[in-house]
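Peer 1: Give me coordinates for this.
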Amino acid sequence: MTEGTYIGAVDQGTTGTRFMVFDHGGQVVTNAYRKHEQIYPEPGWVEHDPEEIWENTQAVMHDALEEAGVDAEQLEAIGITNQRETTLIWDRETGKPIANAIVWQDRRTTDRIETLQDEGKEEWVREKTGLEPDAYFSATKAEWLLDNTDQIKLARMRPDDVRDRAEDGELMMGTIDSWLIYKLTGNHVTDVTNASRTMLFNIHEMDWDDELLEEFDVPAELLPEVRPSSDEATYGSTDASGFLGAEIPVAGALGDQQAALFGQTCFDAGDAKNTYGTGSFMLMNTG
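Peer 2: Below you'll find the model as predicted:
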């Protein structure tokens, strides 16, 4: 077995999931990667199976550790970076998604954004969130899931309406970071960078915005706790009796493009970077 202690990082992207292990000098010790299916139910619609993403996350963590001869107990902490706006809702009790995740690329809620524009609410949303209203972001995806999840399938488990269950606190919503943190620790948490991409988060108050929640009819009971991207208190720990067989703190999360901005040392106002992946993304440090 390799000696010493390490840091693990989950990179959950649009096309696949990677797990990397770093030593205390920042050098990569090992990494493993698996792709997941891209689901296209209709033209312009893109979905992912959250259960497949979770299964792949477990698999790449096992694969990487085994390849390097590192025991899970040697991990001091785990961090997560993720595709940002991809949105899902799951059952608080069972941990099962109520439907596939709607991916950031998905355009099914374009009409909803056009309605928002026709009502003259663009500047109102922009002022609160810093975002140009678009189907890209999570707000309209969550609204669509609440309005359109197939009741016939759900009725086999619970007959109640999805919205009723959401308001009663029986469901959880999140971006992929929240899903993985929940599966790893049992806690419902997101970080500020991911929250800021939902179009439900007020970047001045640094909290979920009641008026935006009302506009998109998203119950506050659905939402995760918003925490700093790197938190000394951590987001929780893996279960010693779980798939890793060790209690490891999940200590940080950062949306993938903000992570890239930071990782490419854009620490000063005016520094910018482009990332070329599934899409091309330009981010700038505004100070």
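
Peer 1: make it CA atoms for all contacts and neighbour counts henceforth
Peer 2: Noted.

Peer 1: What residues does the residue nearest the centre of the chain make contact with?
Peer 2: By C-alpha atoms, centre = their mean, the chain has its centre lying nearest to Ile176, at 2.5 Å. Applying C-alpha atoms under 8 Å, 6 or more residues apart in numbering, we find Ile176 in contact with Gln12, Asn82, Gln83, Arg84, Thr86, Thr87, Leu88.

Peer 1: What separation is there between the third one and Thr278?
Peer 2: As judged by C-alpha to C-alpha, to the nearest Å, Gln83 and Thr278 stand 10 Å apart.

Peer 1: so what sits against both of the two?
Peer 2: Here Gln83 and Thr278 share the contacting residues Thr14, scored by C-alpha under 8 Å, 6+ apart.

Peer 1: Which one's more surrounded, those two?
Peer 2: Gln83 (22 against 10; other C-alpha atoms under 10 Å).

Peer 1: residues contacting the nearest residue to the more buried one once chain neighbours are set aside?
Peer 2: Nearest residue to Gln83, sequence neighbours excluded (C-alpha to C-alpha, 6 or more residues apart in numbering): Gly13, at 5.0 Å. Shown in contact with Gly13 (C-alpha under 8 Å, 6+ apart): Asn82, Gln83, Asp256.

Peer 1: Tell me which of those residues fall in helices.
Peer 2: Asp256 (DSSP state H).

Peer 1: Show the low-confidence segments of the stretch 1-150 of the chain, by residue range.
Peer 2: 1, 150 (pLDDT under 70).

Peer 1: Show me the helices in it, by range?
Peer 2: Taking DSSP state H, counting those that start in this stretch as the criterion, the stretch 1-150 of the chain carries its helices at 50-68, 110-118, 122-129, 138-148.

Peer 1: Run the chain-centre distance for the last one.
Peer 2: It refers to helix 138-148. The chain centroid and the centroid of helix 138-148 are separated by 15 Å under C-alpha atoms, centre = their mean, to the nearest Å.

Peer 1: can you pull the buried residues of it?
Peer 2: By 16 or more other C-alpha atoms under 10 Å, the buried positions in helix 138-148 come out as Ser138, Ala139, Thr140, Lys141, Ala142, Glu143, Trp144, Leu145, Leu146.

Peer 1: and that helix, what does it pack onto?
Peer 2: strand 87-91, helix 162-167 (3 or more C-alpha pairs under 8 Å, 6 or more residues apart in numbering; DSSP states H and E).

Peer 1: Just name the most buried of those.
Peer 2: Comparing the helices and strands packed on helix 138-148 by mean neighbour count (mean count of other C-alpha atoms under 10 Å), strand 87-91 ranks first with a mean of 24.

Peer 1: Could you list the residues in contact with that strand?
Peer 2: So strand 87-91 is contacted by 50, 96-104, 138, 141-142, 145, 170-176, 179 (C-alpha under 8 Å, 6+ apart).
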